[in-house]
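> Prediction below, plus the sequence it came from.
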Amino acid sequence: MTNVPSEILVRFDARLVTLAKVDLLIIDDFGLKPLRSPQDEDFHGLIAERYERKGTIITSNLDLSEWGDAFPNKLLGAATVYRIRHGAYNVILDGKSVRSEKSPPNTSKSTIEKGGKNN
């Protein structure tokens, strides 16, 4: 680990505490880039602090079964994904991208599943 000034670490820890306490945390594009150590530990700590206490919305282009691949430590990844999935709703959007130039209205389907399980 590189030498990071202690005041930066204190501010970072304070930011994690703040994120752990907000009523609803939205994490966009999870898994877009793989986590590195200690990012995976920080993310796990954040999810563990929020687990069954606060609401979290996570968006990702990855299938839920691929989320563990974002973690260099596979055991830590499995534990984190378990906490995310437990009691979660998995909303799957299927259809044309809203970013498509000529996306006709009402062409997408959505599925909501309890427990984060895919069919």
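Sure, I can see it. Numbering: from 1, shown residues only.
> Show me what the longest helix anywhere in the chain is packed up against.
In the chain, taking DSSP state H as the definition, the longest helix is helix 6-21. Here helix 6-21 touches helix 39-50, going by 3 or more CB pairs under 8 Å, 6 or more residues apart in numbering; DSSP states H and E. To be clear about C-beta, it is placed using only N, CA and C from the backbone, and glycine gets the same treatment.
> can you pull the buried residues of the helix it packs on?
Neighbour counts over helix 39-50 (16 or more other CB atoms under 10 Å) mark 40, 42, 43, 44, 46, 47, 50 as buried.
> again with stretch 12-21
The neighbour-count check on stretch 12-21 (16+ other CB under 10 Å) flags 19, 20 as buried.
> got the contact list for it?
25, 42, 45, 46, 49, 50, 54 (CB atoms under 8 Å, 6 or more residues apart in numbering).
> Including pLDDT, could the residues you listed go into JSON lines?
Converted to JSON lines, the contacts of stretch 12-21 look like this (pLDDT from 0 to 100):
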{"residue": "25", "pLDDT": "97"}
{"residue": "42", "pLDDT": "94"}
{"residue": "45", "pLDDT": "94"}
{"residue": "46", "pLDDT": "95"}
{"residue": "49", "pLDDT": "94"}
{"residue": "50", "pLDDT": "93"}
{"residue": "54", "pLDDT": "95"}
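> Taking the residues you listed together, which two end up most distant?
Using CB to CB, the two most remote members of the contacts of stretch 12-21 are 42 and 54, lying 16.6 Å apart.
> which secondary structure element contains residue 57?
Assigning secondary structure by DSSP states H and E places residue 57 in strand 55-58.
> Which strands border that strand, and is each parallel or antiparallel?
strand 24-27 (parallel) (DSSP bridges).
> May I see the buried residues of the strand it pairs with?
By 16+ other CB under 10 Å, the buried positions in strand 24-27 come out as residue 25.
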